[in-house]
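J.: what follows is a protein structure lacking sequence information:
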């Protein structure tokens, strides 16, 4: 069963996306890792990275569409901007509030029956994790 990694993400409003693209272009001369263009490299907020079998993708999309149909729009407040000078990576963190946590948990719940639970890449570290982190890894594919 072939699996692929997916980034389930929140796509910002047009105004926010245009501002992010403009900022990315401005920073291009500073050695940034990539430049947002809205065509191939999109502004987004990663919500959940998950490995899914290819044959489950249409069912997952349907489940996510169901979640989104029942989700009211909400504002996200930026908290921290970070950069790593060694590789040019720049990102922003957002305040963790009730709306984003509910959406995140709903996405994890909707995808858990489809997720590829193969942990072979992490097996060498699993025994070093706390029981809480091991439980998180089993529940959603991430130890954090």
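T.: Ah, there it is. Please read all numbers here as calculations on a predicted model, not as lab measurements. Numbering: from 1, shown residues only.
J.: by mean pLDDT, point me to the weakest helix or strand of this structure.
T.: Least confident helix or strand, the chain: helix 123-126 with a mean of 68, by mean pLDDT, DSSP states H and E.
J.: what's the next secondary structure element after it?
T.: Scanning forward in sequence from helix 123-126 by DSSP states H and E, the next helix or strand is helix 131-140.
J.: now that following helix: buried residues?
T.: Residues of helix 131-140 classed as buried by neighbour count (16 or more other Cβ atoms under 10 Å): 134, 137, 140. Just so you know, the C-beta spots here come from the backbone N, C-alpha and C atoms, and that holds for glycine as well.
J.: just these now: which is nearest residue 50?
T.: residue 140 (8.1 Å; Cβ to Cβ).
J.: coming back round to it: ok, the buried residues of helix 131-140 vs residue 80, which is closest?
T.: Closest to residue 80, out of all of the buried residues of helix 131-140 and judged by Cβ to Cβ, is residue 140, at 23.0 Å.
J.: what's the nearest residue to that closest one if we skip its chain neighbours?
T.: Among residues not flanking residue 140 along the chain, residue 108 sits closest, at 4.8 Å (Cβ to Cβ, 6 or more residues apart in numbering).
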